[in-house]
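Q: 3D model of this:
(one chain, ligands or ions: 3)
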Amino acid sequence: MKKIAVLTSGGDAPGMNAAVRAVVRKAIYDGVEVIGVNRGYAGVIDGDFVKLDKSSVSDIIQRGGTFLRSARCDEFRTKEGRQKAAEQLRKEGVEGLIVIGGDGSFTGAMLLNEETGIRTIGVPATIDNDIACTDDAIGYDTAMNTIIDAISKIRDTASSHERAFVIEAMGRHAGFLTLAAGLAGGAESILVPEMKFDMDKVCENIQAGYEEGKIHSIILVAEGVEMDGQEFTTNRDVNESNAFLIGKEINERTGFETRVSILGHIQRGGSPTGRDRLLASRLGAAAVNAVLSGETNKMVGLIHNKVEVAEIRDAIEGNKEFDEELYELANILSI
Ligand SMILES: Nc1ncnc2c1ncn2[C@@H]1O[C@H](COP(=O)(O)OP(=O)(O)OP(=O)(O)O)[C@@H](O)[C@H]1O
Ligand SMILES: O=P(O)(O)OC[C@H]1O[C@](O)(CO)[C@@H](O)[C@@H]1O
Ligand SMILES: [Mg+2]
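A: Numbers count the residues shown, from 1 in each chain. Ligands and ions are numbered 1, 2, ... in the order given. As a prediction, the model looks like this:
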């Protein structure tokens, strides 16, 4: 194999740059040329390619975002779009494509391979951490730390004013990030799309906490959580924040002064943590190994601290299991 391409796709995640750097440097080390694709799948369709050498990836390991830029590309969801993309890659002489992104990007990579024969390898990078066949995705650790930092700061002001705070974390379809950040940040309640919850119970917890001397209450809510009458349930298609609704409900039911903070895209930015840089470096290099050894339609992941290669279909359809025990633990420790 003489030439491979690399792209970043979907929501950007801290550590994507470190992953591109690893792909480029490992491929060059192995004597293979690397083409960077700008703007994810949109750039493949447009043939927006740039040759990458060692120095193109200097000074980026510490940067958030992705210097190749990212996109959500509707045209790639069509068969025609993917055919166009394959033609562009063939014209450029690209023999393998490394896709750094989330589950949607992996679905695109899988279809591209199945329909056109282009060799694809996925590198999991999404703050949502909703990809199976890997313990963690690149960006998740940094985002978790950003949320923990925000919780700590909000707790300062919450305590000063004896208030309840509803904090909304990202995760329209997945609560992995919210659960981890909520547990590590010591939130009093954690609401995620995967678990049904009872609003009465949330309010009782707040009340009990105050009665036992707590002077604040933090309710960490994932974006995808929706209120349905008395109970809050999941709505995985919900597109709008329900944190304000939840805040209003808490205020009305408990009488506690309640404020709402939407953390938003702050969670996607910032310099990647050491853990994310390490993961990105290992998986970027592993993706090059995989493609050069003839693998296709696979993803590289880290399981129990060992690099593993899995079917990309399993990563998407395997449905990463939500850790109910961890959720239970968070509830126990928050009382
Ligand atoms: N079912 C699909 N078929 C073909 N291409 C897809 C499909 N789903 C997603 N893609 C392609 O992958 C791109 C990124 O997908 P998506 O927006 O779901 O982000 P992601 O990779 O899951 O990352 P994140 O969830 O972290 O934002 C889409 O814009 C589209 O171009
Ligand atoms: O930046 P956008 O396109 O609004 O997407 C936001 C979504 O992307 C993510 O940050 C990553 O998938 C989700 O947590 C969030 O729901
Ligand atoms: Mg996704």
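
Q: run the chain-centre distance for stretch 253-263.
A: 27 Å (CA atoms, centre = their mean, to the nearest Å).

Q: pLDDT averaged over that stretch, what's the number?
A: Averaged across stretch 253-263, pLDDT comes to 95.

Q: buried set for that stretch?
A: 253, 254, 256, 258, 260, 261, 262, 263 (16 or more other CB atoms under 10 Å). Bear in mind the C-beta positions are built from the backbone N, C-alpha and C, glycine included.

Q: now, which of these lie within strands?
A: 258, 260, 261, 262 (DSSP state E).

Q: bridged to the third one, which residues?
A: With DSSP bridges as the criterion, residue 261 is bridged to residue 167.

Q: does it really touch residue 154, like I thought?
A: Yes. The criterion here is CB atoms under 8 Å, and residue 261 meets it with residue 154 at 5.9 Å.

Q: which residues do those two both contact?
A: Residues touching both residue 261 and residue 154 by CB atoms under 8 Å, 6 or more residues apart in numbering: 165, 167.

Q: if we can go back for a sec, which one of the buried residues of stretch 253-263 sits closest to ligand 1?
A: residue 263 (15.7 Å; CB to the nearest ligand atom).

Q: return the distance of that closest one relative to ligand 3.
A: Here the criterion is CB to the ion, to the nearest Å. By it, residue 263 lies 18 Å from ligand 3.

Q: ditto for residue 68
A: 18 Å.

Q: got a list of what that residue touches?
A: Residue 68 neighbours (CB under 8 Å, 6+ apart): 6, 7, 8, 16, 20, 36, 37, 38, 39, 43.

Q: check the secondary structure at it for me.
A: coil (DSSP: H, G, I helix; E, B strand; the rest coil).

Q: let me know the pLDDT of the residue in the chain positioned nearest to ligand 3.
A: Residue of the chain nearest ligand 3, by CB to the ion: residue 102 (3.5 Å). Confidence at residue 102, expressed as pLDDT, is 97.

Q: residues contacting it?
A: 9, 10, 11, 13, 124, 125, 126, 128, 130, 131, 137.

Q: name the helices or strands packed onto the helix or strand containing the fifth one?
A: In the assignment (DSSP states H and E), residue 124 maps to strand 119-124. The criterion is 3 or more CB pairs under 8 Å, 6 or more residues apart in numbering; DSSP states H and E, and the helices and strands that strand 119-124 contacts are strand 96-101, helix 103-116, helix 274-292, strand 298-303, helix 312-317.
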